[in-house]
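*Asks:* sequence and predicted model, in that order:
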2 protein chains.
Amino acid sequence: MTNAEKAKVYQEVLEHIRLFIEEHRLSPGDRLPSERDLSEELNASRSSIREALRAIELLGLIETKHGEGTFLKNYRPYHTVSLLSTFILNETRTKNELFEVKMLLEQNAAKLAMEHIDQTSITRLKEIVTEQHSRNNRHFHFFKTLFRLCDNDLLLKIWQLIEEFSRTVDIAEYHKEAYLELIEGIQDKDNQKIQYIIGQLYHL
Amino acid sequence: MTNAEKAKVYQEVLEHIRLFIEEHRLSPGDRLPSERDLSEELNASRSSIREALRAIELLGLIETKHGEGTFLKNYRPYHTVSLLSTFILNETRTKNELFEVKMLLEQNAAKLAMEHIDQTSITRLKEIVTEQHSRNNRHFHFFKTLFRLCDNDLLLKIWQLIEEFSRTVDIAEYHKEAYLELIEGIQDKDNQKIQYIIGQLYHL
DNA sequence: GTTCAAGAATGGTCTGACCACTGGATATTC
DNA sequence: GAATATCCAGTGGTCAGACCATTCTTGAAC
């Protein structure tokens, strides 16, 4: 036997759960079978079931309520992965990959948003940049709004995921002026300028 | 009692492990205490210890070797991204979103690759386009090679996941000529042309 | 109808057992 | 002495069963 790659029980359980969700078309808020039921159905011990459930709970995909059950959760980045911060992410290679992807996604968003932009959105963006309370979160709010304009939920989710990871390394906040210039670029539909400004943020 | 927020044992274990790693300055490859030792030291059952370990194993932070022990792993975000994606991608998602993101990623890759390209890679790309056996898989092979040139595993992983998922919807294969033109664009470092060609593939 | 107590279902945790794999110590053979 | 085979302690993998804490339902008592 060269490399049988025998999967652990909890990994198989994970796959079963994934399929279960798919087959039954479960939506966030819906209840999963109880640990005991899963145990019986999958022919695995309750401990193994729990190992699997705990793992995806940590990922933020499910939620357990004592005495009630296990529920599918509306996945939101920014719940769990702060764990990673002290764990690692110190490797420069990892950091660079993260920031590069983040920058690319933001460039993509800006370009797409440029095509959908209207005066109301421009105003909203300007507000976000100048609002006081978003001082420590300007970048996040600004781009979240921008991504929303793109009308592509998948793109938004990917970005949020990457953004979350990035935070465990470094919180990126830049000068107000850059964002205002960016808005100008979007308003003028000047793609070159947009790409350049975002590139500059990341000093690449 | 308003909101006691009693943490589960496995979450406390997680925190202990995190601290342990920090205090002992563990690096990837180093070994963690055995499950039984942790159990005794933290005054928790082995099951609880395992729930915690399985969770961060799934995250990709550690690696367990049967009979040997548990080891700290060199963490790469794409591991987690790929995990989450199997769930995220299954959430309601339109074909358009999927293909738009795919296109954007491919545009990103082409642009990045443009900056790293050399003669050998050009030749390799041309081969892929003209090879017979990759006829039904040209797009995938071509872009996979292109993404590799970008030297960003995270970006590659994201694209691969989306590409795979796209296949369940529709298989995209285009005319040989488009790829050859794309190679030309990359060779000439003509970004506008690159973006245009890829955009055309997706008729946007 | 309202209230309250009992009970069923469910997650949370622990104990202890046994198996399978690994690596080093020890014994055996040459 | 060197190579090999064997054994064994340590470790992860899995399981069965127990008990507790919480929640919700059910039905009896009022």
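*Replies:* In hand now; what should we look at? Numbers count the residues shown, from 1 in each chain, chains lettered A, B, ... in the order given.

*Asks:* not counting its neighbours along the chain, what's nearest A:D190?
*Replies:* Nearest residue to A:D190 in three dimensions, chain neighbours excluded: A:E184, at 7.9 Å (Cβ to Cβ, 6 or more residues apart in numbering or on different chains). Any C-beta I mention is one placed from the backbone N, CA and C, and that applies to glycine too.

*Asks:* send the alpha carbons of the helix or strand harbouring the one you found over as PDB?
*Replies:* Secondary structure from DSSP states H and E places A:E184 in helix A:176-187. Taking Å, rounded to 0.1, in the frame of the first residue of the first chain, the C-alpha atoms of helix A:176-187 are listed here in PDB:
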ATOM      1  CA  LYS A 176      -8.500  60.300   3.700                       C
ATOM      2  CA  GLU A 177      -7.100  61.900   0.600                       C
ATOM      3  CA  ALA A 178      -6.500  58.700  -1.200                       C
ATOM      4  CA  TYR A 179     -10.100  57.700  -0.800                       C
ATOM      5  CA  LEU A 180     -11.300  61.000  -2.100                       C
ATOM      6  CA  GLU A 181      -9.100  60.700  -5.100                       C
ATOM      7  CA  LEU A 182     -10.400  57.300  -5.700                       C
ATOM      8  CA  ILE A 183     -14.000  58.600  -5.600                       C
ATOM      9  CA  GLU A 184     -13.000  61.100  -8.200                       C
ATOM     10  CA  GLY A 185     -11.500  58.500 -10.400                       C
ATOM     11  CA  ILE A 186     -14.700  56.400 -10.100                       C
ATOM     12  CA  GLN A 187     -16.800  59.500 -10.900                       C
END
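
*Asks:* quick check: buried residues in the helix or strand that it is followed by?
*Replies:* As assigned by DSSP H and E, the chain's next helix or strand after helix A:176-187 is helix A:191-201. Neighbour counts using 16 or more other Cβ atoms under 10 Å in any protein chain shown place A:N191, A:K193, A:I194, A:Q195, A:I197, A:I198, A:L201 of helix A:191-201 among the buried residues.

*Asks:* for the nearest residue to A:E41 once chain neighbours are set aside, give me phi and psi.
*Replies:* Leaving aside its sequence neighbours, A:E41 sits nearest to A:P33 (Cβ to Cβ, 6+ apart; 7.0 Å). Backbone torsions for A:P33, taken as degrees, to the nearest 10, come to phi -60, psi 160.

*Asks:* could you do A:R25 as well?
*Replies:* Dihedral angles (degrees, to the nearest 10) for A:R25: phi 50, psi 40.

*Asks:* try A:E63
*Replies:* Backbone torsions of A:E63, given as degrees, to the nearest 10, read phi -140, psi 140.

*Asks:* my read is that A:K157 contacts B:N90, right?
*Replies:* No: under the criterion of Cβ atoms under 8 Å, A:K157 makes no contact with B:N90, lying 12.0 Å away.

*Asks:* DNA strand C contacts on chain A?
*Replies:* Taking Cβ under 7 Å from any atom of the strand as the contact definition, chain A meets DNA strand C at A:32, A:34-37, A:46-47, A:50, A:53, A:64-70.

*Asks:* again, only this time at 10 Å
*Replies:* Within chain A, the positions adjacent to DNA strand C are A:1, A:4, A:6, A:31-39, A:45-47, A:49-50, A:53-54, A:57, A:62-71 by Cβ under 10 Å from any atom of the strand.

*Asks:* which parts of chain A are strands?
*Replies:* Along chain A, counting by DSSP state E, strands occupy A:31-32, A:62-65, A:69-72.

*Asks:* wait, isn't A:E63 in contact with A:G69?
*Replies:* No: look at A:E63 against A:G69 with Cβ under 8 Å: they stay out of range, at 9.7 Å.

*Asks:* please say which of the two ends up with more neighbours.
*Replies:* Using other Cβ atoms under 10 Å in any protein chain shown, the more surrounded residue of A:E63 and A:G69 is A:E63, with 16 against 13.

*Asks:* show me what contacts that one?
*Replies:* Listed by Cβ atoms under 8 Å, 6 or more residues apart in numbering or on different chains, the contact set of A:E63 reads A:E57, A:T70, A:F71, A:L72, A:K73.

*Asks:* can you do 7 Å?
*Replies:* Applying Cβ atoms under 7 Å, 6 or more residues apart in numbering or on different chains to A:E63 gives the contacts A:F71, A:K73.

*Asks:* distance of the residue nearest to the spatial centre of chain A from A:L180?
*Replies:* Among the residues of chain A, the one closest to the centroid is A:L161, at 2.1 Å (Cα atoms, centre = their mean). Separation of A:L161 from A:L180 (Cβ to Cβ, to the nearest Å): 27 Å.

*Asks:* same question, A:D37
*Replies:* A:D37 sits at a distance of 56 Å from A:L180 (criterion: Cβ to Cβ).

*Asks:* okay, these two: which has more neighbours?
*Replies:* Set A:D37 next to A:L180 and count neighbours by other Cβ under 10 Å: A:L180 wins out with 15 against 11.

*Asks:* touching, that one and A:V129? I think so.
*Replies:* Yes: counting by Cβ atoms under 7 Å, A:L180 touches A:V129, with 6.0 Å between them.

*Asks:* name the helices or strands packed onto the lengthiest helix in chain A?
*Replies:* Criterion DSSP state H: the longest helix present in chain A is helix A:92-116. With contacts taken as 3 or more Cβ pairs under 7 Å, 6 or more residues apart in numbering or on different chains; DSSP states H and E, helix A:92-116 sits against helix A:138-150, helix A:153-169, helix A:176-187, helix A:191-201, helix B:95-116, helix B:153-167.

*Asks:* now these in JSON lines, please, with extra columns for mean pLDDT.
*Replies:* Below are these laid out as JSON lines (pLDDT from 0 to 100):
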{"stretch": "helix A:138-150", "mean pLDDT": "91"}
{"stretch": "helix A:153-169", "mean pLDDT": "85"}
{"stretch": "helix A:176-187", "mean pLDDT": "90"}
{"stretch": "helix A:191-201", "mean pLDDT": "89"}
{"stretch": "helix B:95-116", "mean pLDDT": "91"}
{"stretch": "helix B:153-167", "mean pLDDT": "89"}
